[in-house]
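K.L.:
take a look and give me a structure for this.
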Amino acid sequence: MKVLIVYNGIIPTPLYGGTSRVIWYLGNELVKMGHSVSYLVNRGSSCPFADVKTIDTTRPIVDQIGDDVDLVHFNMLVPDVEKLKQPYVITMHGNGSKDVKLPLNMIFVSKNHAHRYASESYVNNGLDWDDYRKPDLSKSRSYFHFLGKAAWKVKNVKGAINIIKSTKSEQLKVLGGTRLNFKMGFRFTTSRRVSFHGMVGGEEKYELLNGSKGLIFPVRWHEPFGLAITESLYYGCPVFGTPYGALPDLVSNEVGFLSNKQDELVEAINNADQFSVKACHELALEKYNSKTMALSYLEKYEQVLNGTSLNDKAPYQESAPVKTLLNWE
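P.N.:
Coordinates of the predicted model:
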């Protein structure tokens, strides 16, 4: 099968870039399975296992799709996609596109993500764990971590900091933020039990995750998926977060605890050693890997190629009457 993967971003990702990493690993797995893969992405991209074409920003994307592909996999909404001659699917990676009927061949990234659009069509994100440093599950762990864009209020780094401050002596390492932030309202963290490491990647991130007792992730929005969760699980870290979005899909009682109440999360963190480092690692390794993801996408591709839509009716979600952060106590 000849698959064209389209995304208005750069591959490989310069540092973090969740969507870029997911489509990179998807393409690599498809090539390993004997399929032909090409990318249509932004200028500055390169790839050793697939042809790369650059998006021409002066022309409609649908006019840039050649005739030499069997299926097009878009990773963003594209105007006039219904005009495309080739079969296609679209993966929605975020929480946008409300109050609009989405194309029938839409794929979401978690069960909850799909259900919020009245859909059953989803494929969980997977990562190529061979591309990560193998964790040392016997390593001593001395702190907790937060992983995400701390400047986004929905990620609730304030909540994570307050959780740590409410424990007797636990420490928090914030991966993805700085001590002083003006971007989303003024925040300055004075606690010496909280350290900030900015946007980290590669060996530095792997080392930090491998020394952590667990991920503190009290998000105040419906997380579409959460690569921070599966990466943390891979390094043996249980997850302590809120029961929103995909978190209940990903975090069972065996690998973490979910609540929107700070005092309950503090209590769970105080008993973090009850969770098995090995169980966390094995869940990510076996369930959230790139091969499993690619096989699931292939099922969607075959369905579309056989002339069957992925959704019976157009996925749709109304905006909330008032845009507010989800409850946090």
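K.L.:
which residues in the stretch 201-329 of the chain form helices?
P.N.:
For the stretch 201-329 of the chain, applying DSSP state H, counting those that start in this stretch gives helices covering 202-210, 227-234, 247-250, 262-270, 277-287, 290-305.
K.L.:
need the winner for burial among those.
P.N.:
Ranked by average neighbour count under the criterion mean count of other CB atoms under 10 Å, the helices of the stretch 201-329 of the chain are headed by helix 227-234 at a mean of 24. Every residue, glycine included, has its C-beta placed from N, CA and C.
K.L.:
and that one, what other elements does it pack with?
P.N.:
helix 18-32, strand 143-147, helix 202-210, strand 212-217, strand 239-241, helix 247-250, helix 277-287 (3 or more CB pairs under 8 Å, 6 or more residues apart in numbering; DSSP states H and E).
K.L.:
wasn't His113 part of a helix?
P.N.:
Yes: with DSSP: H, G, I helix; E, B strand; the rest coil as the criterion, His113 is located in a helix.
K.L.:
how close does the residue nearest to it when sequence neighbours are not counted sit to Val109?
P.N.:
Leaving aside its sequence neighbours, His113 sits nearest to Pro224 (CB to CB, 6 or more residues apart in numbering; 4.7 Å). According to CB to CB, to the nearest Å, Pro224 and Val109 sit 5 Å apart.
K.L.:
compare those two (neighbour count), which wins?
P.N.:
With neighbours defined as other CB atoms under 10 Å, Pro224 and Val109 compare such that Val109 has more, 25 against 22.
K.L.:
which residue packs closest to the more buried one, ignoring adjacent ones?
P.N.:
Phe225 (4.2 Å).
K.L.:
check Phe275 too.
P.N.:
Sequence neighbours aside, Pro238 is the residue nearest to Phe275 in space, at 3.8 Å (criterion: CB to CB, 6+ apart).
K.L.:
can you pull the contacts of the one you found?
P.N.:
By CB atoms under 8 Å, 6 or more residues apart in numbering, the contact list for Pro238 reads 213-215, 255-257, 272, 275, 280.
K.L.:
which helix or which strand is home to Ser140?
P.N.:
Taking DSSP states H and E as the definition, Ser140 sits outside all helices and strands.
K.L.:
swap that for Leu40, please
P.N.:
strand 36-41.
K.L.:
pull up the pairing partners for the next helix or strand after that strand, direction included.
P.N.:
Sequence order places strand 51-54 as the next helix or strand after strand 36-41, per DSSP H and E. Take DSSP bridges as the rule and strand 51-54 pairs in its sheet with strand 36-41 (parallel).
K.L.:
which residues are in contact with both of Pro224 and Val109?
P.N.:
Contacts common to Pro224 and Val109, judged by CB under 8 Å, 6+ apart, are 92-93, 246.
K.L.:
number of nearby residues for the residue nearest to Val109?
P.N.:
26.
K.L.:
now do the phi/psi pair for it.
P.N.:
phi -140, psi -80 (degrees, to the nearest 10).
K.L.:
what sits against it?
P.N.:
Applying CB under 8 Å, 6+ apart, we find Phe225 in contact with 93, 109-110, 113, 124-125, 246, 250.
K.L.:
that'll do, ta.
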